[in-house]
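[1] sequence and predicted structure are below.
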Amino acid sequence: MINSDVIRGHIDAIILKLLIEKDMYGYQIANEIKLRTLNKFDIREATLYSVVQRLESRELISSYMGEKSLGRKRRYYRITALGRAYYQEMLSEWKLLRTIMSAMLGSDVE
């Protein structure tokens, strides 16, 4: 497992990237993160909902109630045009960070 402090600054980008691919509900987002990281990062439910609330309040994502499943409706999240633009900014920052870290750590990075 990775220390959550290492990922904290990138969690917005991770969630926005997933929502670019398709609308998802909270549990689905958490599962997808766990799956794609090969169980190396498991976002806590409280953290996830805190992040999506913040993203929604900044109008980077929006939510809607989906079909009933197992007797209850699920809240789905979708990325907005503003969210897509913000994701592109974050992606540029990530590329710069990767370049800086590679320059600083050199051959220690595989």
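    Alright, I've got the coordinates.
[2] what residues does the lengthiest helix in the chain touch?
    The longest helix of the chain (DSSP state H) is helix 81-105. The set of residues external to helix 81-105 that reach it, using CB atoms under 8 Å, 6 or more residues apart in numbering, is 10, 12-13, 16-17, 19-20, 55, 58-61, 79, 109. In short, each C-beta sits where N, CA and C put it, glycine included.
[3] which of those sit farthest apart?
    59 and 109 (36.3 Å; CB to CB).
[4] could you say which helix or strand contains the most centrally placed residue in the chain?
    Nearest to the mean C-alpha position of the chain, counting by CA atoms, centre = their mean, stands residue 15 at 1.8 Å. Using DSSP states H and E, residue 15 sits within helix 11-21.
[5] distance between the helix or strand of the chain with the lowest mean pLDDT and the chain's centre?
    Here the helix or strand of the chain ranked lowest by mean pLDDT, DSSP states H and E is helix 4-8, holding a mean of 74. On the basis of CA atoms, centre = their mean, to the nearest Å, helix 4-8 sits 12 Å off its chain's mean C-alpha point.
[6] repeat for stretch 33-50
    On CA atoms, centre = their mean, the centre of stretch 33-50 falls 9 Å from that of its chain.
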